[in-house]
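Asks: predicted model and sequence follow; I will ask about them next.
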Amino acid sequence: MEERELFHWDELSWYSVLRDLVINLWVVVLAGLTVWMGVDSVVQLRYVPAYTSYAIMAVTAKGSDISIYSNLTATTQMAEVIGEVFASNVLREKVVEELAVTEFDGEIKAEVIPETNMLTVQVTAPTAKQAHQGLWSAINHYDEVSNYLFTNADLMMLQPPSVPKTPSNTPNIRHIQKIASVGAAILVAAGCVLFTALRPTVQTMQGAQRNLNGSVLGDVPFERKWKSTKDIIRRRKKSILLNDPGVSMGFSASIRKIATRLELRMKHSGHKILLVTSVGENEGKSSVATNIALALKEKGRRVLLLDGDLRKPAIHKVLQLPKEDAVCINDYLNDRCEGTNTVYYDEDSGLHVVQSGDQRVNDGVRGNATKICQLIQALSETMDYIIVDSAPMAVTSDTEYLLQAVESVLFVVRQDWCGVDAINDKLEILRQNNVRIQGIVLNAVHPFGFGSRSRDRYYGYGRRTRGKKKLEAEHEREN
């Protein structure tokens, strides 16, 4: 049995990664600052100062004040032997005896200065006094110890020992802090990226096609509602509509392509009533429903857009319909008007609209399901298509009451919004109600993903848009 991969790179969106990094930037910075201060505290607690006293000695002949070694190689070899004398245990015992201590904690070391006959003799100890006294003691007892090894060389002091004023092992704490802080920040940032990658949401078209239990009709690119700096300052935000001259080509091409595929499927199944729903709020369901209706209207179809969300209606806001003297579903439900009187023709969009109104109905569709379904069926006799914008399925059960009046469903999924399991659960509920799911639309897609095909939207219609026969053949294969 073939094993299924748990993660695919093409299901990860760069936009989602960058957004999460920006949102959690304070966590990344806090981690860096915490480690910065933590390193300083740890170093200060563990730091043991050490002091080093130095002296420079020259190798000379016994009884002479000049070097007898003209050969640098021989000088170096002799200096190395002398260095071993300073590091010997015999000399250390002499130092311990002179200083009258039980043990000398310092380190005695002699190093040859390259290309010379000189040595650097140094003693490192926990205190400056011990280092200075130990070095003097070692130098004073050198002749006594060295006489057992050789007698033809002596040491002449060129620079006497001095008392060290600062520790010789001062840690480069700033360098350590920089490395540790950057490492901690990178580690936390990597954790954010991993969290984004493993989050069970739909981030790309490839992820939607692979993980959702339904046919994906297409994706709609994210479109900014603020088009200018003036709009941002004034907070002027309006819905993005297909008939808006400022809408981008990518957005309009995607909507028209989805509408074409949707119409072919509805013609094939003989359906004309379509319900548009989603799992959660703010997934762009009302915007997609309105734009699908506009795309069908562009083809000369007679389209009715009905706002079936009685708790939080939005269609009148999307189309910016006038509120004065508007006849709404509420009037029909309260027997203040006939069903046909609720239809309003919007000259700007060319759509027939049934508004739900500004007032929320607390009971929702539950107590009025029969009358609303009768209204939908009655209006379908004079329309080519009826698009019903319903409430989110995770918020209320109103959508399930409307299923008895509709023939098919279009499911809207916003990029990186709801979990895959929640989406598939709602799709299964729709199937259990014997409603045909015409397709799924991935909405508000930011075109930054691994293997993203979003570039196909922007480079013209002739090369990328499929013909009607090809779409029909594709539909036959899917069914």
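Replies: That came through fine. Numbers count the residues shown, from 1 in each chain.

Asks: kindly state the pLDDT recorded for Met57?
Replies: Listed pLDDT for Met57 reads 85.

Asks: now swap in the one 10 residues further on and tell me
Replies: In the predicted model, Ser67 carries a pLDDT score of 47.

Asks: likewise Val202?
Replies: Reported pLDDT for Val202: 94.

Asks: residue contacts, it?
Replies: Counting by C-beta atoms under 8 Å, 6 or more residues apart in numbering, Val202 touches 208, 211-212, 413, 415-418, 420, 423, 442. In this view, the C-beta of every residue, glycine as well, is placed from N, C-alpha and C.

Asks: how about the helices in the stretch 251-400 of the chain?
Replies: For the stretch 251-400 of the chain, applying DSSP state H, counting those that start in this stretch gives helices covering 285-298, 315-318, 329-333, 369-379, 398-402.

Asks: just to revisit the earlier point, in strands, which of the contacts of Val202 appear?
Replies: 413, 442 (DSSP state E).

Asks: for the stretch 51-200 of the chain, which spans come out with low pLDDT?
Replies: 60-77, 148-153 (pLDDT under 70).

Asks: mind giving me the domain split of the chain?
Replies: 9-41+171-197, 51-159, 202-478 (automatic domain parsing).

Asks: Cys192 versus Leu21, what's the distance?
Replies: Per C-beta to C-beta, to the nearest Å, Leu21 is found 6 Å from Cys192.

Asks: one step back: can you tell me which of the helices of the stretch 251-400 of the chain the model trusts least?
Replies: helix 329-333 (a mean of 85).

Asks: other SSEs contacting that helix?
Replies: Using 3 or more C-beta pairs under 8 Å, 6 or more residues apart in numbering; DSSP states H and E, the elements in contact with helix 329-333 are helix 369-379.

Asks: ok, 6 Å please
Replies: The contact analysis (3 or more C-beta pairs under 6 Å, 6 or more residues apart in numbering; DSSP states H and E) places helix 329-333 against no helix or strand.

Asks: quick one: buried residues of it?
Replies: 329-333 (16 or more other C-beta atoms under 10 Å).

Asks: closest to Asp219 out of those?
Replies: Nearest to Asp219 among these: Ile329, at 31.5 Å, using C-beta to C-beta.

Asks: that closest one touches Ser356, doesn't it?
Replies: Yes: assessed by C-beta atoms under 6 Å, Ile329 is found in contact with Ser356 at 5.2 Å.

Asks: adding distance to Tyr401 as columns, could you present the buried residues of helix 329-333 in JSON lines?
Replies: Formatted as JSON lines, the buried residues of helix 329-333 follow (distance: C-beta to C-beta, whole Å):
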{"residue": "Ile329", "distance to Tyr401": "14"}
{"residue": "Asn330", "distance to Tyr401": "16"}
{"residue": "Asp331", "distance to Tyr401": "20"}
{"residue": "Tyr332", "distance to Tyr401": "16"}
{"residue": "Leu333", "distance to Tyr401": "13"}
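
Asks: verify the stated contact: Leu155 with Met57.
Replies: Yes: using C-beta under 6 Å, Leu155 is in contact with Met57, at 4.4 Å.

Asks: ok, which stretches of the stretch 101-250 of the chain are helices?
Replies: 128-140, 142-146, 173-198, 205-211, 229-234, 249-269.

Asks: tabulate the ones you listed in JSON lines, adding columns for mean neighbour count.
Replies: Shown next, in JSON lines, are the helices of the stretch 101-250 of the chain (neighbours: other C-beta atoms under 10 Å):
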{"stretch": "helix 128-140", "mean neighbour count": "21"}
{"stretch": "helix 142-146", "mean neighbour count": "16"}
{"stretch": "helix 173-198", "mean neighbour count": "15"}
{"stretch": "helix 205-211", "mean neighbour count": "19"}
{"stretch": "helix 229-234", "mean neighbour count": "10"}
{"stretch": "helix 249-269", "mean neighbour count": "20"}
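
Asks: could these be laid out in TSV, adding distance to Glu298?
Replies: Below are the helices of the stretch 101-250 of the chain laid out as TSV (distance: least, C-beta to C-beta, whole Å):
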stretch	distance to Glu298
helix 128-140	90
helix 142-146	103
helix 173-198	38
helix 205-211	24
helix 229-234	26
helix 249-269	8
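
Asks: tell me which of these sits nearest to Val288.
Replies: Between Val288 and these, the tightest spacing by C-beta to C-beta is seen for helix 249-269, at 8.0 Å.

Asks: any low-confidence regions in the stretch 301-450 of the chain?
Replies: 358-364, 448-450.

Asks: many thanks, have a good one.
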